[in-house]
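Colleague: Structure for this input, please:
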Amino acid sequence: MGPSTVGSMVLSHGGEPWRAAGEAARRAVERAPVPAPDKASSEADRAAARRAGRRAGRITGGAQELDQRLTDLLRGGLAAADRPGYGLWEETAARMVDAQAPGLAGRVRGLGAIPDSGPGWPGRLLEECALLRLLDSAWLGRDRLPGPLAATVRTRVGLTSSAEGTAVRDHWLVLAQYDIPDGRIVTRRTWLYGRGSGRVSLLLSYGAPGHAPARALTVGAVVDAEVTPYPGGGGLRGELGAQFGEPLATTAPPPGGTTGDALAAYGRALRDDPWLDAWPVTLREVIPAPSGDGWQLVDAADGSALPVAPSALSRPGLWKLVALSGGGPLTVFGEGGHRGFDPLAAWCAGASDDEAPSAAVALT
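Modeller: Numbering: from 1, shown residues only. Next up is the predicted model:
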């Protein structure tokens, strides 16, 4: 997507001043009558509905404010964003926190790091502003969106939801698990693959700094358990339910595809979630190889390759991957997206057809 196209996307929406629009949205929600409940509805349900309506009104006011600020930024030019002391991002992020839209706040803070990200930053900043503008517009027009996409938008702006799909019992292979510090909390991400269903599921758990989140699972183990999916997000996120028996160790890797399959899978996922940074992918028969200042995973069959994401280049896991390969092909699971492929676990094939593959090696 070219910069001019992205810029026109961001600037295409005008509007009234954000303060008046936000106040009008909040007043409209507060004046809106609450539908008469049926006999089965409880007072708690009605109170929850009123709170949800008030929060949606606050988010709408914040989204309208953000829209105006993005428009002003693009009209004034991006050069100011690189000046010392430029405080638009933190101020705007704080306004989104006030509007109870933590998802919008997080994306705004991310914009602040782009001017220090090296050559080509104006183009990257423009692209991220366009994606933020798209999310902003999607929230304001959420009533016109298909159900799954509307659920994704609600999740992206920061509204929480409950796991409400049909629980899937399967033998779940633990593909990867790693922690991400994020201010006052630590997020643990755990990837699972259902041997019978073929589904990939992401478990999220949270803990305070210095305290590991619950639900530690060993990479390469198989868990007989139920997983209930959450709405939106391409159906990836799930909640671990009842477990049946103890986890069992295995050396069998998940089925994988080619580098071309990985790109196609990410492209399809973007239709359901345009703000998706990466998609879970298992690559079969790939070899890590240096490429310029970085590394890539080369398909042993056709020579096509995926670049290793910059975030993975400084981690010890990359050198584990290179040592495990020894120049030979591997099965590698990771997250692939527009920044490249982030390897999270690997399996080495047996020395002969009769020899089982090695146990999973965590790369995080």
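
Colleague: Can you tell me the SS state at residue 153?
Modeller: helix (DSSP: H, G, I helix; E, B strand; the rest coil).

Colleague: List the contacts of it.
Modeller: Taking CB atoms under 8 Å, 6 or more residues apart in numbering as the criterion, residue 153 is in contact with 135, 138, 139, 142, 145, 232. From N, CA and C alone the C-beta is placed, and that goes for glycine too.

Colleague: do residue 238 as well
Modeller: Under the contact definition (CB under 8 Å, 6+ apart), the residues listed for residue 238 are 163, 168, 192, 201, 202, 203, 227, 228, 229, 230.

Colleague: now residue 275
Modeller: Contact partners of residue 275, counting by CB under 8 Å, 6+ apart, are 131, 134, 135, 156.

Colleague: is it true that the second one touches residue 274?
Modeller: Okay, so that is residue 134. Yes: taking contact to mean CB atoms under 8 Å, the distance of 6.2 Å between residue 134 and residue 274 places them in contact.

Colleague: from the middle of its chain, how far away would the longest helix belonging to the chain be?
Modeller: Of all the segments assigned as helix in the chain under DSSP state H, the longest by residue count is helix 43-76. Taking the mean of its C-alpha atoms, helix 43-76 sits 22 Å from the chain's own mean (CA atoms, centre = their mean, to the nearest Å).

Colleague: which one of the contacts of residue 153 has the most neighbours?
Modeller: Using other CB atoms under 10 Å as the neighbour definition, the contacts of residue 153 reach their maximum at residue 139, which records 26 neighbours.

Colleague: Do you know the pLDDT at it?
Modeller: Residue 139 carries a pLDDT score of 96 in this model.

Colleague: tell me which element it falls in.
Modeller: Residue 139 belongs to helix 121-140 when elements are defined using DSSP states H and E.

Colleague: ok, which stretches of the stretch 251-364 of the chain are helices?
Modeller: With DSSP state H, counting those that start in this stretch as the definition, the stretch 251-364 of the chain shows helices at residue ranges 259-272, 310-313, 316-325.

Colleague: what packs against the second one?
Modeller: Using 3 or more CB pairs under 8 Å, 6 or more residues apart in numbering; DSSP states H and E as the contact test, the elements touching helix 310-313 are strand 294-299, strand 340-348.

Colleague: These: which one's closest to residue 126?
Modeller: When the helices and strands packed on helix 310-313 are ranked by distance to residue 126, counting by CB to CB, first place goes to strand 340-348 at 20.4 Å.

Colleague: I'd like the average pLDDT over the closest one.
Modeller: For strand 340-348, the mean confidence score works out to 96.

Colleague: Stretch 320-332 too?
Modeller: Mean per-residue pLDDT for stretch 320-332: 95.

Colleague: then it to CSV, C-alphas only?
Modeller: Extracted as CSV, the C-alpha positions of stretch 320-332 are listed here (Å, rounded to 0.1, in the frame of the first residue of the first chain):
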residue,chain,number,x,y,z
LYS,A,320,19.4,-22.7,19.1
LEU,A,321,17.6,-23.1,15.8
VAL,A,322,20.8,-22.8,13.8
ALA,A,323,22.6,-25.4,16.0
LEU,A,324,19.6,-27.8,15.9
SER,A,325,19.5,-27.6,12.1
GLY,A,326,23.3,-28.0,11.4
GLY,A,327,22.4,-27.2,7.8
GLY,A,328,19.6,-29.8,7.6
PRO,A,329,15.8,-29.3,7.4
LEU,A,330,13.6,-28.7,10.4
THR,A,331,9.9,-28.4,11.3
VAL,A,332,9.5,-24.9,12.8
